[in-house]
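Engineer: Sequence and predicted structure, then a few things I'm wondering about:
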Amino acid sequence: MLQHYVFLKYRDDTSDGHIVAFCERMFALRGTIDGIQRLEIGRDELHDARSWDLVVIIELASAEALRAYQRHPDHLAVVAFNDPCVANVASVDFTRAAR
């Protein structure tokens, strides 16, 4: 199971309405992109100096499924909607070991 974490830092002038709309659009991808097995979004509550504003956590079957997700037109549309408001983005991808 591949874990895909994306950390977003928004521009200071980004409205809460935009962030809510982004989250709604991301959650809608669960119904249009087959490879998504789990999608979770968390918004930062502490607002510390080193905090990111939002994290997107997606579980996919494999790296190939991640690449297909990243190229999917519906995902690309969400990225195009969100990108103008993003100051910085980072990601971490790893395979969760069986427990």
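Structural biologist: Nice, thanks for sending it over.

Engineer: Name the residues of stretch 45-56 that come out as buried.
Structural biologist: 52-56 (16 or more other C-beta atoms under 10 Å). Yep, even glycine has a C-beta here, placed from its N, CA and C like the rest.

Engineer: quick one: low-confidence ranges for this protein?
Structural biologist: Applying pLDDT under 70 to the chain flags residues 98-99.

Engineer: between the buried residues of stretch 45-56, which is nearest Asn88?
Structural biologist: Proximity of the buried residues of stretch 45-56 to Asn88 (C-beta to C-beta) peaks at Trp52, which lies at 8.1 Å.

Engineer: ok now do the closest one, which residues does it touch?
Structural biologist: Contacts for Trp52 (C-beta atoms under 8 Å, 6 or more residues apart in numbering) come out as 7-9, 44, 90.

Engineer: For these, which two are the farthest from each other?
Structural biologist: Within the contacts of Trp52, Asp44 and Ala90 form the most distant pair, 13.7 Å apart (C-beta to C-beta).

Engineer: Between these two, point out the one with more neighbours.
Structural biologist: Legend: neighbour count by other C-beta atoms under 10 Å for Asp44 and Ala90, higher for Asp44 (14 against 11).

Engineer: separation between the more buried one and Ala28?
Structural biologist: Asp44 sits 22 Å away from Ala28, going by C-beta to C-beta, to the nearest Å.

Engineer: Now do the helix or strand Gly42 falls within: distance to the chain's middle.
Structural biologist: Secondary-structure element containing Gly42, defined by DSSP states H and E: strand 36-43. Distance of strand 36-43 from the chain centroid (C-alpha atoms, centre = their mean, to the nearest Å) equals 7 Å.
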